[in-house]
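>>> quick check, what structure comes out for this input:
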Amino acid sequence: MESPFKSDILKGRVALVTGGSSGIGFEIARQLGLHGARLGISGRRQDVLDAAVAALKAEGVTAMGLQGDVRSSDACEGWVAALGAAWGPALDVLVNCAAGNFLATSEELSVNGFKTVMEIDAVGTFTMSRAAFPALKQSTCRHGACITNISATLQYGATWWQAHASAAKSAVDSLTRSLALEWGEFNVRVNGVAPGPIDGTAGMTKLAPGAKELVQSTIPLRGEMGRKWDIAMMCLFLASPAAAFVSGDTLVVDGANWMWKPRLVERGQVSRASRNVEGKSRAVGTAAGQAAPAAKPRSKL
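Numbers count the residues shown, from 1 in each chain. The predicted structure follows:
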């Protein structure tokens, strides 16, 4: 896909993407890098991280791998320090994409399982943001340093077998608003991006195995799943000057999927019924068989 943004829109900027070694996180990192940013990407598995960094460098992106866990304050602070040692003390873009999830009925979900997802998604987002804050304050971007928290849509109503992830993402959305409120005076913007069903991701493989056609039938926009590129473009928009006055919002990128509900009446039936109703309403106030009075001519000015 061809980007709608200038290729150097993030030239000279430093970005950190947690969970950036695979999936949506990798594509976000890739697009930030292809548009000029110098990148740090974090991941827990060193081999996956090394492969991701090599792939980015092969495309001309300046990238650094940061191994560790977002649940660790020491790891998060160490990543910021490593970027500072390499490229200066300022951090311009932080994308909190690290997340954990699995299917489980609430009665079978262990407390440890619930806590693990909460700690990776919600606590990890806070831990990383807090560790990055001193460096974000030093950004020289006129439109402000940018934190983007990757959320979800499953918590907007309710989603089967996802009590833990729904609770975690609700907390992430709330944290986005709180940090935007508190850190705006430091010229740090905080927003979220909530992906819907995204094709070619581990989430679709793990959370909706064999259900691609069913999922697509619940997406009003073209009946298609989104692409990782779609999420990356939204993150790029939020990091760009185009979003200079956007803070405290979570932008949904799901083709209207979360609002979907089955049609109780088909389009053709509605069309016929509405034409019948409108035809009757035009006759209201006119005597049967009597023509409506002619319109009075307008006076000339």
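>>> for burial, what's the neighbour tally of the nearest residue to L91 once chain neighbours are set aside?
In space, not counting the residues next to it along the chain, L91 is nearest to A135; the distance is 3.7 Å by Cβ to Cβ, 6 or more residues apart in numbering. Bear in mind the C-beta positions are built from the backbone N, C-alpha and C, glycine included. Residue crowding around A135 was assessed by other Cβ atoms under 10 Å; the count is 21.
>>> ok, D199 next?
Considering only other Cβ under 10 Å, D199 is surrounded by 14 other residues.
>>> burial count for S73?
Other residues lying near S73 total 12 when counted by other Cβ under 10 Å.
>>> distance of it from R227?
Plainly put, S73 is 34 Å away from R227 if you go by Cβ to Cβ, to the nearest Å.
>>> cool, and V193?
Computed as Cβ to Cβ, the V193 to R227 distance reads 14 Å.
>>> which one of those two has more residues nearby?
More neighbours sit around V193 than around the other of V193 and R227, counting by other Cβ under 10 Å; the figures are 27 against 17.
>>> for that one, list each beta-bridge partner.
Partner residues in beta bridges with V193, using DSSP bridges, are I150, L251.
>>> check contacts around it.
Neighbour list for V193: 148-151, 231, 234-235, 238, 250-251, 253 [criterion: Cβ atoms under 8 Å, 6 or more residues apart in numbering].
>>> let's see that with 10 Å instead.
If you count contacts by Cβ atoms under 10 Å, 6 or more residues apart in numbering, V193 has them with 24, 28, 95, 97, 148-152, 176, 230-235, 237-238, 249-253.
>>> quick one: the strands in this protein, in order.
Shown for the chain, the strands assigned by DSSP state E span residues 14-18, 38-43, 63-67, 93-96, 145-150, 188-195, 250-253.
>>> and the ones you listed as a markdown table, adding distance to R267?
Supplementary listing: these in a markdown table, determined by distance: least, Cβ to Cβ, whole Å:
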| stretch | distance to R267 |
| --- | --- |
| strand 14-18 | 42 |
| strand 38-43 | 46 |
| strand 63-67 | 49 |
| strand 93-96 | 40 |
| strand 145-150 | 35 |
| strand 188-195 | 28 |
| strand 250-253 | 25 |
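>>> could I get these as TSV with distance to R263 and mean pLDDT?
Shown next, in TSV, are these (distance: least, Cβ to Cβ, whole Å; pLDDT from 0 to 100):
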stretch	distance to R263	mean pLDDT
strand 14-18	39	98
strand 38-43	43	98
strand 63-67	47	98
strand 93-96	37	98
strand 145-150	31	98
strand 188-195	24	98
strand 250-253	21	98
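>>> start to end distance for stretch 191-206?
Taking Cα to Cα, to the nearest Å, the first and last residues of stretch 191-206 lie 27 Å apart.
>>> how about that stretch: buried residues?
Neighbour-count burial for stretch 191-206 flags 191-198, 201, 203-204 (criterion: 16 or more other Cβ atoms under 10 Å).
>>> same question, stretch 111-126
Neighbour-count burial for stretch 111-126, with 16+ other Cβ under 10 Å as criterion, is recorded at 114, 116-126.
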